[in-house]
Structures are given as structure tokens and as C-alpha cells.
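Asks: Pasting the sequence and the predicted coordinates here, then a few questions.
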Amino acid sequence: MTPACARCRSFVADAAALERAVPGLNILSSAYGSVRAHTGLCEVHGTFVTPAQRCAQFEPSLYFSPK
Amino acid sequence: MTTKEAWDEAGEEPRAPEATGWKQLYLKEDWWAIWLGLGLMIVAVILFTSGSTVLKTLAINPGGLKWQTFGQLMGHFQANAGTYLAQFICWLVLFGVSARIMGIKLGEFIPSFIVLYILSMVMFGIAGWANAARFNLEAPLVALIIGLIIANVVPLPKWLDAGFRVEYYIKLSIVLLGATFPITLVLTAGPVAIAQATIISLVTCLVIFFVGTRVFGLDKRLCAVLGVGGAVCGVSASMAIAASVNAKKEHLYTSVTLVVVWALVMIIFLPFVARAMGLNAGVAGSWIGTSEFADAAGFAAASTYGKMVGNEEVAIKAFTLMKVIGRDLWIGIWSFVFALISTVMWEKAETGRKPEAMEIWWRFPKFVIGFFVASILMTIVTSSYSVADFNTQVRPNLILPLVSLRTWGFIFCFLSIGLTTRFRELKGVTMKTFTTFTLGVIVNVILGYLLSVHVFGDHWSALK
């Protein structure tokens, strides 16, 4: 079984990056708020996912496996 | 370019994944709104009990000046230049430090906040004009419209958005609102608000979902995102649901467009229609609370109507009960329900995702806790004063300075809505999607009117 999205290179959970990814998100909402919880954006599938999800396209994050 | 490609090209190390657990206490703006709001309230109480007038002086704003000539306004600013500078520094330190800890660049936040503060002084100046009410120049509307004009006419750099934190300012204002909101009122009026919010939340969400999927054949994930966005709390609710159903980025983008457009329309539409109908401030506040999606937009509409009829406090109280205490609580519940539906009924492949009841807590808008704590603390602090002492000592020296700080927060928020709304950045939507969401808007407005005016009208009009 592949590791979870939380450790994937394509999992974008950074608030600033999420606000850049969805223009207008900061107008009447915020990626820094509690309701987002730990939701992130999968750059491979273009879908919102939770850190515990997994898929076959997993690639280790540079944060956990530096170049 | 994807984020991954950007990392590769820039040779940049990606940031750590979103912090969870206790780190949320200093990485989420909801918690910062609580720390700042309760901190300001506690400082205010300490200064009040020690006889200091520092906070009263610092909480200055020209909104109540009622100036007749431009010279009077300028004279006010010249005479109080030092106080405004001190106030600006206080706001900048509080917001700047917290923004930096949350990961916002100070180099972008500081110039942005300077622009926001100067524009806010202009808004207060306009609202303080003796003839402002005659020309409907209510501060929330003026702030919104001027912000919109600037954002869509002047080519402001995108990085200036760093200081235009709509949600952060409204959350802080809501916590400060708790300090002027007796907990007894929450306990007596809260159950009706929750009952009304439950009806709206269920009906609107189901209408959008079933019309979208069954009548127009839209993607069920898109309809879930739109349904909860329209029924509960706009884009924030849509974002919460997006992960529950694995919605696409475009689905959330569509929700952003529809929510922003309809929210702006209703900020202007609802107060004027409510005034034409001669609605009581409490009834109108409740109606706005059931019809608007986002807290920030709703506060702008409720505050505008309150100023129109000279009873802003009651309009805001009714709106808060209906929207913040009633509807916002549904975010986590819908997230859990849709996660359950998605994993049990929609998904064919194993994704490792399991719906958890804790979702309801994880996605709970935590700043609401700050509102309740502020309300309870201030009710306890002021309970030992007689009515006469409350009106002559507590109200002018403790409550009103906190109201003034809250008003600054509202103006920062309303201006930020306008300044971040660039219509060219919004996404085009199909007629089917637009019609689906618009039906939800119509349900909100009509059902909200019936519930606020006819079913619970006596309750809302009795609100003080």
C-alpha cells in the first residue's frame, strides 16, 4: 500500500499556495481558517483530498525526502 | 504551472504539510481571532477597573463626529494625530505578528495594512459626515463600493492581498462582539435561531443538490459543494465539503464565483428591500442571517440596515444569532454526512478515506468559541453593577471602546471584501450551474423571509 497523501509531493496544504491555486478564495473565505482543517489540493488529480488518502501516483515530498 | 513544477524550477524546498493538532492554536486565524479578541477584552477590563482611560482614548474613530465642514474633519485628525498613530501601531503589531506566525510575509503585509488603515480612516470620515445618512453613505456600503472600484480600476499588485484578510478581521470582530452580547440573550434567543437555521440548512442544501443532479445532470460533487455553500456559509463551507467528496479544484472555483456575485448583490439588495418593507431591525437581521452566505457579507448587510433604521446593535445581534450561532454550526455536520455518502455510495476504488465523526469538531469554526467565552466573561464582569452604574460607568468606559475596536475590525473587513474582489479573476459558469445555485438563493431569501417575518416574527421583533 502506498504512503498517504500527507507525505506526497503533490499534496498542497500550505494556506498561501491554496489561495493562489483558487483565485478569489480569499474574498469571502480563507485557507487559514479552521473549517479547512487539514484539507489539501492534489496537484496530480486536481481534487481536494485529506492527508490520510492514498493513490497509485504517490511521489515522496521533498520535505520528507530532500534532494 | 503546477506547484510541483514551480518547486522544480525554482529549486525551492516545499513547505511542511499543514500542521495539525496543537499547532493549529497558532497557525489558524480562528485561534488568533480568539487570542486577540479575548486579550483585548481582558486588557480593557483591567484598565477599566484600575480607572485608566488609555483604551477609551486609543479606541478613537471619527465615525460619530457629525462634521458639517471639511475643516472640522481635518481639525479632528490634526488634534488627534498622535492617538491615531498609536492606534495604528497597536493594530499593526497585533495583526503583523500573528500574520507572520501564520506564514504571511511581513514585507507584503505591512504596506498592505498601511493602505487598509488609511482607507479605513477615509471611510470613517465619510460615515462621520452629518449628511451621510441622507445620501445612504453607510460605512459598510461605502467601504465595499470604494474597495470594489479600486480593485477593478486601479491595477493593484496581487501581493497587496496579504493585508486584506477579510475572514481574519471579521472573526476578530465577532469575538469582540461577544463582549457586548449578554450570554443570557444567547441562551434565550439561541434555540429559535438554531431551529430556523436547521430548516434553512436542510431545505436549501437538498434543493440545490437534487435540482443540480436530477434536473440538470450536474456532477454530484459539484452539487454537494454548491449545496452546502448556499445553505451554510458560502465558500468556507464549500471548501470544507470539497475534501469530504473529493471535489475538483474547478468545483470550488465555481462556488467562489457564484457565492461572491450573489453575496455582493444581496449586501445591497437586502437592506434596501427590508427598509422598503419597513421591517423591524431584529426581523431584518434574522432575514439577512438566513439569506446571506458568508459572515463578512452578512455583517455588511446587517450593519448597513441597522444604520439605515438607527438600530445597528439589534440588527447585528439578530444576524449573529441566526448566522454565526445557527447556520455556521452546520459546516462540520454536512462535512461528515457528505464524507459518509461519498465513501459509502459514490466511490468505487479504495482511497484510504474513512469518514470520522471528529470531522464535526475539526471543521467547527473555532472563533465561535471565542464569541461565547467573551460573552460569558463580560456578563460575569458586569453583573455586579447596578443598571445606573452600568449606564454611567461601564457602558462609556468599557463597552463603547470595545464597540469602537469592533467597528474598526468591521471596516477593515468590508474594505477588504471590495479590495480583493477582482471580477476579471472570477470563473465563467454554465447556465445550468448558475440556475441551480440561484434556485438555492431564492429558497434562502423566500424561506428566510417567511421564517423571520411570519413564523418567528414575534421572537425577532422582541429582540433588544
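Replies: Ah, there it is.
Asks: Doesn't residue B:169 belong to a helix?
Replies: Yes. Judged by DSSP: H, G, I helix; E, B strand; the rest coil, residue B:169 forms part of a helix.
Asks: The nearest residue to residue A:40 once chain neighbours are set aside: how many residues sit nearby?
Replies: Among residues not flanking residue A:40 along the chain, residue A:13 sits closest, at 3.7 Å (CB to CB, 6 or more residues apart in numbering or on different chains). C-beta here means a position set from N, CA and C on the backbone, and glycine is covered the same way. By the criterion of other CB atoms under 10 Å in any protein chain shown, residue A:13 has 24 neighbours.
Asks: Would you mind confirming that residue A:13 is in contact with residue A:38?
Replies: Yes. Counting by CB atoms under 8 Å, residue A:13 does reach residue A:38; the two are 6.7 Å apart.
Asks: Enumerate the residues of the stretch 301-450 of chain B near chain A.
Replies: Within the stretch 301-450 of chain B, the residues that sit near chain A (CB under 8 Å from any CB of the partner chain) are B:331-332, B:351-354, B:359, B:362-367, B:417, B:420-422, B:425-427.
Asks: Buried only: go through those for me.
Replies: Buried members of those, scored by 16 or more other CB atoms under 10 Å in any protein chain shown, are B:331-332, B:351, B:353, B:359, B:362-367, B:417, B:420-422, B:425-427.
Asks: sorry, back to before: so of the residues of the stretch 301-450 of chain B next to chain A, which ones are in helices?
Replies: Judged by DSSP state H, these include B:331-332, B:359, B:362, B:367, B:417, B:420 as members of helices.
Asks: quick check, nearest of these to residue B:104?
Replies: residue B:420 (14.0 Å; CB to CB).
Asks: Please tell me how far that closest one sits from residue B:151.
Replies: 7 Å (CB to CB, to the nearest Å).
Asks: so who does residue B:307 touch?
Replies: Neighbour list for residue B:307: B:133, B:138-140 [criterion: CB atoms under 8 Å, 6 or more residues apart in numbering or on different chains].
Asks: The residues you listed into JSON lines, with extra columns for neighbour count?
Replies: Formatted as JSON lines, those follow (neighbours: other CB atoms under 10 Å in any protein chain shown):
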{"residue": "B:133", "neighbour count": "13"}
{"residue": "B:138", "neighbour count": "22"}
{"residue": "B:139", "neighbour count": "26"}
{"residue": "B:140", "neighbour count": "28"}
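Asks: Looking at those residues, which is nearest residue B:263?
Replies: Closest approach between the contacts of residue B:307 and residue B:263, by CB to CB: residue B:140, at 12.9 Å.
Asks: and after the helix or strand hosting residue B:270, which helix or strand comes next?
Replies: Element membership for residue B:270 (DSSP states H and E) is helix B:249-277. Reading on from helix B:249-277 to the C-terminus, the next helix or strand found by DSSP H and E is helix B:281-291.
Asks: and the angle for whichever helix or strand comes after that following helix with helix B:281-291?
Replies: Counting by DSSP H and E, the next helix or strand C-terminal to helix B:281-291 is helix B:295-308. Following axes from the mean of the first three to the mean of the last three CA atoms, to 10 degrees, one obtains 160 degrees for the angle between helix B:295-308 and helix B:281-291.
Asks: Need the residue closest to the centroid of chain B.
Replies: Nearest to the geometric centre of chain B sits residue B:296, at 2.8 Å (CA atoms, centre = their mean).
Asks: is it true that that one touches residue B:413?
Replies: Yes. With contact defined as CB under 8 Å, residue B:296 reaches residue B:413; the gap is 5.3 Å.
Asks: Start from the N-terminal end of the stretch 301-450 of chain B and give the helices.
Replies: Assignment of helices within the stretch 301-450 of chain B using DSSP state H, counting those that start in this stretch yields the ranges B:312-319, B:330-341, B:359-362, B:367-382, B:387-389, B:400-420, B:431-449.
Asks: Quick check: which ranges of chain B have low pLDDT?
Replies: Along chain B, segments meeting pLDDT under 70 span B:1-20, B:348-353.
Asks: again with chain A
Replies: For chain A, the ranges with pLDDT under 70 are A:1, A:63-67.
Asks: hang on, the earlier thing: of the helices of the stretch 301-450 of chain B, give the one that comes closest to residue B:107.
Replies: Going by CB to CB, the one of the helices of the stretch 301-450 of chain B nearest residue B:107 is helix B:400-420, 18.5 Å.
Asks: Off-centre distance for that closest one?
Replies: Mean-position distance between helix B:400-420 and its chain equals 10 Å (CA atoms, centre = their mean, to the nearest Å).
Asks: Check which helices and strands it is in contact with.
Replies: helix B:29-49, helix B:54-58, helix B:106-127, helix B:139-153, helix B:166-178, helix B:295-308 (3 or more CB pairs under 8 Å, 6 or more residues apart in numbering or on different chains; DSSP states H and E).
Asks: Tell me which of these lies nearest to residue B:400.
Replies: In terms of CB to CB, the element of the helices and strands packed on helix B:400-420 nearest to residue B:400 is helix B:54-58, at 7.7 Å.
Asks: in the closest one, what counts as buried?
Replies: Buried-residue list, helix B:54-58, by 16+ other CB under 10 Å: B:55-56, B:58.
Asks: same deal with stretch B:391-408?
Replies: Across stretch B:391-408, burial judged by 16+ other CB under 10 Å covers B:394, B:397-399, B:401-408.
Asks: Quick one: end-to-end distance for that stretch.
Replies: 23 Å (CA to CA, to the nearest Å).
Asks: quick one: contacts of that stretch?
Replies: Counting by CB under 8 Å, 6+ apart, residues outside stretch B:391-408 touching it are B:40-41, B:44-45, B:48, B:53, B:55-56, B:58-61, B:63, B:91, B:120, B:173, B:176-177, B:179-180, B:382, B:385.
Asks: Show me how far it is from its chain's centre.
Replies: With CA atoms, centre = their mean, you get 21 Å for stretch B:391-408.
Asks: what does stretch B:27-40 give?
Replies: Distance, centroid of stretch B:27-40 to centroid of chain: 14 Å (CA atoms, centre = their mean).
Asks: Return the residues of the stretch 151-300 of chain B in contact with chain A.
Replies: So the stretch 151-300 of chain B meets chain A at B:161, B:164-168, B:171, B:233-240, B:242-243, B:246-250, B:252-253, B:256-257, B:259-260, B:263, B:293-294, B:296-297 (CB under 8 Å from any CB).
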